[in-house]
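> sequence and predicted structure below; questions after.
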Amino acid sequence: MTSSSKTSSLVRLVIDYSGAAVFVAAYFATKDFQKATWCLVAVSALAILAGLITERRLAPLPLIYGGAALVFGGLTLVFHDPRFVKMKTTFVDLSLGISMLTGLMLGKSPIKFLVGDQLKLSEGGWRRLTLRFGLFFIALAALNEVVWRTQPDRVWVLFRMPGLLILSFLFSFTQIPMMMRDAKSLEAVSRAAETQQ
């Protein structure tokens with residue numbers, strides 16, 4: 001990986017998770033959900049702007065997460081009701097899960113659009129990955145509902161960050177063996193096709 005691509009990956013990481021990280025820090029610094037939400041909204045807006053400036057486009061996932069933070073965070077601020085920002089995670093994950101499964105039923109792989117050219121998988125590999133992530137996102141939405149409705153604010157805040165991030169990394173890690181097998185199969189098919197030419 002070149003130094004420029006490493007820098008780009010670091011910038012993307014900061015853009016993707018800065019809003020949630022600042023929200024957690026602000027909540028534990030102030031113990032005030034409203035002030036933490038102000039920080040979430042402000043940093044999410046800045047992250048979207050930073051992504052637009054650095055990449056000259058609005059990448060799908062940062063736009064979805066950042067846009068939802070602005071909408072649900074804004075509702076929390078207007079109505080002084082923290083339930084809105086807590087439901088943001090449910091809304092986003094459920095939307096992603098339903099989009100994945102709907103796309104799969106239509107013969108598409110939405111996750112391929114989100115990931116881009118970073119992975120080389122067969123169509124079957126993309127379908128399996130889409131199904132698994134679709135179900136995973138729906139499970140996260142359900143888990144978020146259980147946590148915010150049954151646990152105190154501080155528990156939900158830690159579940160939101162770093163809890164969901166850890167769960168997402170762990171789940172993604174469990175998909176690596178399938179992706180490696182599929183990539184090897186795809187490479188073998190490609191080599192066989194080249195030999196026959």
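All right, it came through fine. Residues are numbered from 1 along each chain as shown.

> residue contacts, the most centrally placed residue in the chain?
What sits nearest the mean C-alpha location of the chain, by Cα atoms, centre = their mean, is residue 61, with 6.0 Å. Listed by Cβ atoms under 8 Å, 6 or more residues apart in numbering, the contact set of residue 61 reads 16, 114. Where C-beta positions appear, they are placed from N, C-alpha and C, glycine not excepted.

> give me the pLDDT for residue 181.
As predicted, residue 181 sits at a pLDDT of 91.

> and what of residue 109?
For residue 109, pLDDT reads 87.

> and the nearest residue to it once chain neighbours are set aside, how far is that from residue 96?
Take residue 109 and drop its neighbours on the chain: the residue closest to it by Cβ to Cβ, 6 or more residues apart in numbering is residue 126, 3.9 Å away. With distances taken as Cβ to Cβ, to the nearest Å, residue 126 is found 16 Å from residue 96.

> more neighbours, these two?
Applying other Cβ atoms under 10 Å to residue 126 and residue 96 shows that residue 96 carries more neighbours, namely 23 against 20.

> the more buried one is in contact with residue 137, isn't it?
Yes - if you go by Cβ atoms under 8 Å, residue 96 and residue 137 touch, sitting 4.4 Å apart.

> all helices for this structure, in order.
3-30, 33-55, 60-79, 83-105, 110-115, 123-150, 153-158, 164-174, 176-196 (DSSP state H).
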